[in-house]
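[1] pasted the sequence and its predicted model underneath.
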Amino acid sequence: MSQEWSAPDTAALAKIDSTVPHSARIWNYWLGGKDNYPVDHEAGDAFIKMFPGITDLARDSRAFLGRAVRHLAGEAGIRQFLDIGTGLPTADNTHDIAQQVAPTARVVYVDNDPLVLAHAHALLTSTPEGVTDYIDADLHDPDTVLREAAKTLDLSQPVALTLMQVSGHIADYDQARAIVGTLMGALPSGSYFAFNDSVDTNEGNAEATRLYNETGAAAYYLRSPQQLAGFFEGLDLLAPGVVPITDWRPDPGT
C-alpha cells in the first residue's frame with residue numbers, strides 16, 4: 001500500500017504568510033532549496049552574518065538524519081518511523097532513506113505548518129510496498145500525534161521516533177522533556193529515539209538566535225548540552241552516545 005499526492009494542497013497554500021520569516025523556509029534556504037521567500041532570505045542572511053556555521057549545521061543535521069535512519073532501517077531492523085517536525089521536503093527524506101533499505105517501511109510525518117503540509121501532500125510519496133502518510137498536528141499535543149499516527153503505524157510494534165531540530169520550538173524545557181516522555185512511553189520495547197537540536201555554546205549562534213526570535217517568527221530556544229542529554233534519560237544509548245552530530249557514526253571519509 002502507498003499514499004501518493006500529485007499537487008500541493010491549495011487550501012494549505014492559502015494560509016501561508018510570506019511577510020514573516022519562517023523557520024522551515026529559512027532552513028530550506030540554508031540547504032539551497034527554492035521553497036522560500038525574500039523575507040526568509042533576509043532573516044537567513046542576517047543569521048549567517050552572525051553565525052556563518054549555520055549552513056554547515058543545516059547540512060550536517062540532514063546528514064545525521066540519513067545516518068540514523070539507515071542504521072534504524074538496517075542494523076536495527078525498524079520498519080516504522082514517526083518523524084515529527086518534518087520541515088520542507090528535500091533530498092533524502094526519512095521515507096526515501098528507510099525505504100531504500102526496507103521497501104516495506106511505514107513512515108508517518110508530522111508537522112503543523114501549511115507550507116510543509118502543501119508540499120508533503122505533493123512530494124512525500126511511498127514505495128508500492130510501504131506506506132508514507134502525513135499528519136497535520138502539533139508537537140505540543142503528543143496525544144493527538146499518537147492517536148493519528150496509530151491509524152497508519154502499529155504502535156504495538158517497535159517504532160523509531162525522530163525529532164530533528166524541532167524541540168527548540170518548545171519554550172519550557174520541562175514541558176519538552178515531558179512531551180518526549182509521553183511519546184516514548186506510548187511506544188513498545190524495542191523502539192528507538194533519534195534526536196538532535198542546537199546548543200547554546202556558541203556566542204554567535206546564541207546572539208543570532210536571539211535576534212531571530214525578535215523577527216516575529218516562531219521562537220527557537222537553545223539549550224545546554226547537558227539539557228539535550230536529558231532527553232535520553234531512562235533510555236539505553238547507542239554508542240557513541242550524546243555527541244556533536246558530526247561525531248555520531250560518521251561515514252567513511254567524512
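    Cool, the structure landed.
[2] ok, now how distant is the closest residue to Asp92 other than its chain neighbours from Ala73?
    Nearest non-adjacent residue to Asp92, counting by CB to CB, 6 or more residues apart in numbering: Gly66, 5.2 Å away. Quick note: C-beta positions are derived from backbone N, CA and C, even for glycine. Going from Gly66 to Ala73 by CB to CB, to the nearest Å gives 11 Å.
[3] hey, what's in contact with both of those two?
    By the contact definition CB atoms under 8 Å, 6 or more residues apart in numbering, Gly66 and Ala73 are jointly contacted by Ile97.
[4] distance of the residue nearest to Asp92 relative to Asp83?
    13 Å.
[5] comparing these two, which residue is more hemmed in?
    Asp83 (27 against 16; other CB atoms under 10 Å).
[6] am I right that that one falls within a strand?
    Yes - assessed by DSSP: H, G, I helix; E, B strand; the rest coil, Asp83 belongs to a strand.
[7] need the strands for the stretch 151-254 of the chain, in chain order.
    When assigned using DSSP state E, counting those that start in this stretch, the strands of the stretch 151-254 of the chain occupy the ranges 160-164, 192-196.
[8] and of those strands, who's closest to Pro21?
    Taking CB to CB, strand 160-164 is the member of the strands of the stretch 151-254 of the chain nearest to Pro21, at 19.8 Å.
[9] just give me how far the closest one sits from the chain centre.
    7 Å (CA atoms, centre = their mean, to the nearest Å).
[10] before we move on, what about stretch 82-91?
    5 Å.
[11] give me the number of residues near Thr182?
    Other residues close to Thr182 by other CB under 10 Å number 14.
[12] ok, back up a step: tell me the most buried of the strands of the stretch 151-254 of the chain?
    Comparing the strands of the stretch 151-254 of the chain by mean neighbour count (mean count of other CB atoms under 10 Å), strand 160-164 ranks first with a mean of 23.
[13] strands paired with it, and their directions?
    Paired neighbours of strand 160-164 in the sheet (DSSP bridges): strand 80-84 (parallel), strand 192-196 (parallel).
[14] can you list contacts of the last one?
    For strand 192-196, the surrounding residues in contact (CB under 8 Å, 6+ apart) are 61, 64-65, 68-69, 72, 76, 78, 158-165, 167, 180, 184, 228, 231-232, 235, 245.
[15] now Ile135: how far from His119?
    Distance from Ile135 to His119, by CB to CB: 15 Å.
[16] coming back round to it: now list the buried members of the contacts of strand 192-196.
    61, 64-65, 68-69, 72, 76, 78, 158-165, 167, 180, 184, 228, 231-232, 245 (16 or more other CB atoms under 10 Å).
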